[in-house]
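A.B. asks: pasting the structure only:
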């Protein structure tokens with residue numbers, strides 16, 4: 001980095017130190033009041049702060065690409081109010097069997113050929129059964145053999161299951177908190193917040209990287225978004241990867257018809273996540289299809305440095321790889 005860039009960064013660091021009483025180093029505890037203060041900053045001041053933190057900890061013009069595949073779709077017994085895969089709701093999503101290994105390998109190779117460096121596999125389970133976990137571990141090993149990072153989201157893990165995933169070569173396990181504890185009961189009743197924290201503890205104990213974030217736009221107030229960041233930033237070790245999702249409303253789910261979240265508020269959430277978790281990758285996840293290029297550019301400026309890449313997420317649409325590559329070109333962003 002040249003001298004001019006170093007001076008620019010130093011000025012930004014001084015700005016942060018002068019204008020914020022909030023904690024900003026890894027493993028420090030963030031009070032709700034401090035997080036609220038960040039959310040309440042004038043928009044430009046907030047994203048400037050976030051960009052300064054981002055420059056200190058990451059190459060600011062590089063975005064990590066992850067591709068997500070639903071290896072087991074539909075038929076889930078949970079009642080997450082946002083999810084079309086729940087068997088409790090009448091949606092267009094069918095209950096499908098676990099994909100075959102060859103199908104997963106083909107999808108992973110296609111993702112790699114398109115430029116993805118991490119391949120994420122999601123299954124609509126409350127918790128994986130041992131017979132299914134055996135097949136998933138084979139998928140993980142196959143993905144790793146292609147030279148990709150591997151990630152899985154399979155629901156709650158029982159004792160010993162995280163260790164099996166680790167042995168297969170799993171790099172990341174995704175298990176989102178979804179929202180603040182105070183909001184959680186309005187969205188989900190079939191598993192507790194503590195259930196989620198217990199699974200995350202098992203993942204940590206197995207020495208697997210944690211991928212954990214949440215969804216905004218569930219009808220929560222800003223206080224709810226503060227509460228989500230408060231939970232994530234105050235983990236003993238913050239997640240290595242923090243996906244921030246904007247609710248994608250699906251016909252037939254209880255949250256269909258929820259008032260949409262202002263996209264600038266979404267960017268604020270990205271910025272606060274970056275400031276409070278400076279060493280974590282912050283991922284633009286679900287909801288990008290609803291955002292214009294300007295909002296995504298602001299999110300990248302504010303510290304987002306990872307996206308889900310590919311035309312489809314688990315069951316919802318995502319921008320095409322061609323559209324994303326064109327956006328990267330216009331913003332002079334490199335990918336890895």
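C.D. replies: Noted; the coordinates are in hand. Because the structure is predicted, anything quoted here is derived from the model rather than measured.

A.B. asks: going forward, measure contacts and count neighbours with C-alpha atoms only.
C.D. replies: Noted.

A.B. asks: Strands along the protein, start to end?
C.D. replies: 62-72, 118-123, 149-153, 172-174, 209-211, 214-216, 241-246, 281-284, 306-308, 334-335 (DSSP state E).

A.B. asks: strand partners of the last one, parallel vs antiparallel please.
C.D. replies: Think strand 334-335. Applying DSSP bridges, strand 334-335 is found paired with strand 62-72 (parallel).

A.B. asks: okay, the angle between the strand it pairs with and strand 118-123?
C.D. replies: Interaxial angle of strand 62-72 relative to strand 118-123 (axes from the mean of the first three to the mean of the last three CA atoms, to 10 degrees): 30 degrees.

A.B. asks: and residue 97, which of the strands of the chain is closest to it?
C.D. replies: Taking CA to CA, strand 62-72 is the member of the strands of the chain nearest to residue 97, at 5.9 Å.

A.B. asks: what residues does stretch 113-122 touch?
C.D. replies: 64-72, 108, 111, 143, 148-154, 309, 314, 321, 335-336 (CA atoms under 8 Å, 6 or more residues apart in numbering).

A.B. asks: Endpoints of that stretch, how far apart?
C.D. replies: Terminal residues of stretch 113-122 are spaced 20 Å apart (CA to CA, to the nearest Å).

A.B. asks: Report the mean per-residue pLDDT for that stretch.
C.D. replies: Mean pLDDT, computed over stretch 113-122, is 92.

A.B. asks: Distance of the spatially closest residue to residue 123 that is not a sequence neighbour relative to residue 121?
C.D. replies: Nearest-residue entry for residue 123: residue 72, 4.4 Å, with adjacent residues in sequence omitted and distances by CA to CA, 6 or more residues apart in numbering. Going from residue 72 to residue 121 by CA to CA gives 9 Å.

A.B. asks: Which residue of those two possesses the greater neighbour count?
C.D. replies: Under the criterion of other CA atoms under 10 Å, the comparison of residue 72 against residue 121 puts residue 121 first, with 24 against 21.

A.B. asks: still on that earlier bit, what score does the residue nearest to residue 123 have for pLDDT?
C.D. replies: 89.

A.B. asks: Grab the nearest non-local neighbour of residue 238.
C.D. replies: Using CA to CA, 6+ apart, the closest residue to residue 238 is residue 232 (6.2 Å).

A.B. asks: Kindly apply the preceding question to residue 107 instead.
C.D. replies: residue 69 (7.8 Å).

A.B. asks: Likewise for residue 251?
C.D. replies: Once flanking residues are discounted, residue 251 sits nearest to residue 91: 6.3 Å by CA to CA, 6+ apart.

A.B. asks: per-residue pLDDT, that neighbour?
C.D. replies: Residue 91 is assigned a pLDDT of 78 by the prediction.

A.B. asks: any idea how far residue 250 is from it?
C.D. replies: Distance of residue 91 to residue 250, computed by CA to CA: 8 Å.

A.B. asks: Tell me which residue lies nearest the centroid of the protein.
C.D. replies: Of all residues in the chain, the one closest to the mean position by CA atoms, centre = their mean is residue 243, 1.3 Å from it.

A.B. asks: I'd say that one and residue 228 touch.
C.D. replies: No - using CA atoms under 8 Å, residue 243 makes no contact with residue 228, being 11.9 Å away.

A.B. asks: Beta-bridge partners for the residue nearest to the centre of the chain, please?
C.D. replies: Where residue 243 sits in a bridge, its partners, by DSSP bridges, are residue 283.

A.B. asks: how much space between it and residue 176?
C.D. replies: Taking CA to CA, one finds residue 243 at 8 Å from residue 176.

A.B. asks: So for the two, which residues contact both of them?
C.D. replies: Listed as contacting both residue 243 and residue 176 by CA under 8 Å, 6+ apart are 211, 212, 213, 214.

A.B. asks: Now flag whichever of those is closest to residue 95.
C.D. replies: The closest of these to residue 95 turns out to be residue 214 (CA to CA; 24.5 Å).

A.B. asks: residues touching that closest one, list them.
C.D. replies: 176, 177, 178, 179, 228, 243, 244, 245.

A.B. asks: so which of the residues you listed comes closest to residue 33?
C.D. replies: Once CA to CA is applied, the member of the contacts of residue 214 that ends up nearest residue 33 is residue 228, at 13.2 Å.

A.B. asks: State the distance from the closest residue to that closest one other than its chain neighbours to residue 148.
C.D. replies: Spatial nearest neighbour of residue 228, chain neighbours left out: residue 180 (4.3 Å); criterion: CA to CA, 6+ apart. Plainly put, residue 180 is 32 Å away from residue 148 if you go by CA to CA.

A.B. asks: and if you look at residue 59?
C.D. replies: To residue 148, residue 59 is 21 Å away according to CA to CA.
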